[in-house]
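> please find the sequence and the predicted model below.
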Amino acid sequence: MFRKLGVEFLGTFWLVLGGCGSAVIAAKFPEVGIGLVGVSLAFGLTVLTMAYALGHVSGGHFNPAVTIGVAAAGRMDPDEAIPYIISQVAGAILAAMILWFIVSGQPGGWDPAAKGLAQNGYESASPGGYSMAAAFLTEMVFTFLFLMVILGATSRKAPAGFAPLAIGLCLTLIHLVTIPVTNTSVNPARSTGPAVFAGGLALQQLWLFWVAPILGAALAGLANRFTEDNE
């Protein structure tokens, strides 16, 4: 169990550092800004690479919503869910802290409250100004679909060895669609890390990025029980 929790910590750390780092650093670099497509790929690649590297140890969740969905599908011991989630959130917070330290090294420093750390939000905090209802529906539905891909790709009946590729590409697609709406969460830990340091509105709106993804993931886990034989 200690190894599993360490992997979940490290995997979530990599997701936030690589994904949010691409948004905060590379996407805004004037000469070679990677833009929405680059950030989407970065998030997908963090999951793909870490799932191949260490997913065999813990299942490669790196996301509290995934843990809830997997538990709801009956694929893990529910007693392991809370330790998994604590490890994931801790990894996300450490990654956000290191990212803040890195970007503070540029001239003028970096105020996370003013300039952000790729935190999620709705209404005035949404990149496109989308409403709370639109943000909630987006996060719930896309997390549901993300979990359906994860649970299907990791089924014992699925082609072996391709699950990380399918999952990473799915996360990339999700970001391509939803970055303008919420800056894309589908992962409560990913939302929590930056929000802790950005504070203010990011913390006030954090509830949505826990409730909506977890609801979508739980529904996917229950749906999976009807589409797969998990015995």
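All right, it came through fine. Residues are numbered from 1 along each chain as shown.
> how about the residue most central in space within the chain, phi and psi?
By C-alpha atoms, centre = their mean, the chain has its centre lying nearest to N187, at 3.5 Å. Phi and psi for N187, reported as degrees, to the nearest 10, are phi -160, psi 100.
> for the closest residue to it other than its chain neighbours, give me the pLDDT.
Using C-beta to C-beta, 6 or more residues apart in numbering and skipping the chain neighbours, the partner closest in space to N187 is N63 (4.3 Å). Yep, even glycine has a C-beta here, placed from its N, CA and C like the rest. We have a pLDDT of 98 for N63.
> E228 now?
So, for E228, pLDDT stands at 77.
> now G33
As predicted, G33 sits at a pLDDT of 79.
> contacts for the helix or strand of the chain with the lowest mean pLDDT, please.
Of all the helices and strands that make up the chain, helix 112-115 has the lowest average by mean pLDDT, DSSP states H and E, namely a mean of 89. Contact partners of helix 112-115, identified using C-beta atoms under 8 Å, 6 or more residues apart in numbering, comprise W100, V103, P194, F197, A198, G199, G200.
> give the other helices and strands that whichever helix or strand L151 is part of contacts.
For L151, the element it lies in under DSSP states H and E is helix 132-153. Helix 132-153 sits against helix 64-72, helix 163-182, helix 208-227, with contacts defined as 3 or more C-beta pairs under 8 Å, 6 or more residues apart in numbering; DSSP states H and E.
> re earlier: tell me the contacts of the residue nearest to the centre of the chain?
L15, F62, N63, P64, A65, V66, P213.
> ok so, going back, just the ones in helices from the contacts of helix 112-115, please.
Counting by DSSP state H, the contacts of helix 112-115 place W100, V103, P194, F197, A198 in helices.
> so the first one touches V196, yeah?
Read that as W100. No. Taking contacts as C-beta atoms under 8 Å, W100 lies outside contact range of V196: 9.8 Å.
> of the contacts of N187, just say which sits nearest to S155.
Of all these, V66 has the smallest distance to S155: 14.8 Å, by C-beta to C-beta.
> next, count neighbours for the closest one.
Neighbour count for V66, taken as other C-beta atoms under 10 Å: 29.
> and it, what does it touch?
Per C-beta under 8 Å, 6+ apart, neighbours of V66: F146, L147, I150, N187, A217.
> ok, these vs N120, which is closest?
Closest to N120, out of all of the contacts of V66 and judged by C-beta to C-beta, is N187, at 9.3 Å.
> quick one: that closest one from G19, how far?
9 Å (C-beta to C-beta, to the nearest Å).
> ditto for T67
T67 is 18 Å from G19, where distance means C-beta to C-beta.
> quick one on the thing from earlier: how far does the least confident helix or strand of the chain sit from its chain's centre?
Distance of helix 112-115 from the chain centroid (C-alpha atoms, centre = their mean, to the nearest Å) equals 21 Å.
> got the buried residues for it?
P112 (16 or more other C-beta atoms under 10 Å).
> can I get the ones in helices among the contacts of helix 112-115 in a markdown table including distance to L171, pLDDT and neighbour count?
Converted to a markdown table, the ones in helices among the contacts of helix 112-115 look like this (distance: C-beta to C-beta, whole Å; pLDDT from 0 to 100; neighbours: other C-beta atoms under 10 Å):
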| residue | distance to L171 | pLDDT | neighbour count |
| --- | --- | --- | --- |
| W100 | 23 | 96 | 19 |
| V103 | 23 | 94 | 17 |
| P194 | 17 | 98 | 28 |
| F197 | 23 | 96 | 18 |
| A198 | 22 | 96 | 25 |
